[in-house]
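S.K.: model this:
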Amino acid sequence: MRVLFMGTPDFAAASLERLYDAGFDVCGVFTKPDKPVGRGMKLAETPVKTLAAAHGTPVFQPSTLRDGAVMDTIRALSPDVICVVAYGKILPKEILDYPRYGCVNIHGSVLPKYRGAAPIQWSVLNGEKTAGVTSMYMAEEMDAGDIIDIRTTEIGAEETSGELFDRLKVIGGELLCDTLKSIENGTASRTPQDHSRATKAPMITKEMCPIDWSKTYSVIDCHVRGLLPSPVATAKFGNGVYKIFKVTRGADKTDKPCGTVVSSDDTGIEVVCGDGTVIITELQAPGGRRMSAADYLRGHKL
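M.R.: Below is the predicted model of the structure:
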């Protein structure tokens, strides 16, 4: 089976690595164009490009998929199936219809829940107990294709989006290989999604960072874990905006207004929330580095 792979970040690279390990014939790789990063604005390769180049696979980085040149490339590669994992571009119908086995997508949620760009983060932000990965046949509508298979896993009580991401990318790679094998031997299932149960997982933005202290501890805890490793939850104390990396539960009740700092000591910074208090145990001050709240307080007053 000739596989054309389309993907960009680490999550996609994990699936591509599994394809190589399993011996699939990866005839080509599409990934997003290199982009400038850092203060020097040097062009950085995507993780998928770096991995594909190390394996000697032809890499293509079109700025658009909606021109004849891309279809000429795909026809020349002659893939039996196209695998898409966090590519970051919408495939037009002409591409979706080309491979004889269709286009297969690996998505980081249990569809139809959390369609969109940030399913893993929203799973943590919304306090879900389980997460998962879905393989599906792609359709013109985003994340709405027929389901082939699903793998699920419990979300740890203290797990961040980044930690869940690292686990799901491994599960996703295994699922992709199993899905392609089932397609090749004719045993792949095809289950239409219940579109009435669909929920959205839009992109995460920096505007979401500030903590709303009127919320309950559980909601704030999910907020902090859900925005790690990026863009990170924030809280304003005095004239400074602090990044907040970890919180624990404090008191069950208090008569002070939400957002009030009631103590700052070796246990951390205790702030009033909607159902008691939250203790900030890890933070980063403006212009500083990440550290425990206790270490920060030894040299600073809040």
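S.K.: For the residue with the largest distance to the centre of the chain, pull up the helix or strand it's in.
M.R.: Most distant from the centre of the chain: residue 255, at 38.6 Å, with distances by CA atoms, centre = their mean. Under DSSP states H and E, no helix or strand contains residue 255.
S.K.: Show the contacting residues for the closest residue to residue 35 other than its chain neighbours.
M.R.: Leaving out its chain neighbours, the residue that sits closest to residue 35 by CB to CB, 6 or more residues apart in numbering is residue 44, at 6.4 Å. Glycine gets a C-beta too; all of them are placed from N, C-alpha and C. Remark: with contacts taken as CB atoms under 8 Å, 6 or more residues apart in numbering, residue 44 is in contact with 34-38.
S.K.: I'd like the distance between residue 44 and residue 115.
M.R.: 29 Å (CB to CB, to the nearest Å).
S.K.: same deal with residue 208?
M.R.: Residue 208 is 19 Å from residue 115, by CB to CB.
S.K.: With neighbour numbers in mind, choose between those two.
M.R.: residue 115 (20 against 15; other CB atoms under 10 Å).
S.K.: Number of residues surrounding the closest residue to the more buried one other than its chain neighbours?
M.R.: Distance criterion CB to CB, 6+ apart; nearest residue to residue 115, sequence neighbours excluded, is residue 143 at 3.7 Å. By the criterion of other CB under 10 Å, residue 143 has 22 neighbours.
S.K.: thinking again about what came up before, next, the residue nearest to residue 35: phi, psi?
M.R.: phi -120, psi 140 (degrees, to the nearest 10).
S.K.: can you pull the buried residues of stretch 218-228?
M.R.: 219-228 (16 or more other CB atoms under 10 Å).
S.K.: Dump these into TSV; add pLDDT as well.
M.R.: Putting the buried residues of stretch 218-228 into TSV (pLDDT from 0 to 100) gives the following:
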residue	pLDDT
219	98
220	98
221	98
222	98
223	98
224	98
225	98
226	98
227	98
228	98
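S.K.: of all those, which comes closest to residue 56?
M.R.: residue 228 (35.7 Å; CB to CB).
S.K.: who's in contact with the closest one?
M.R.: Counting by CB under 8 Å, 6+ apart, residue 228 touches 160-162, 245.
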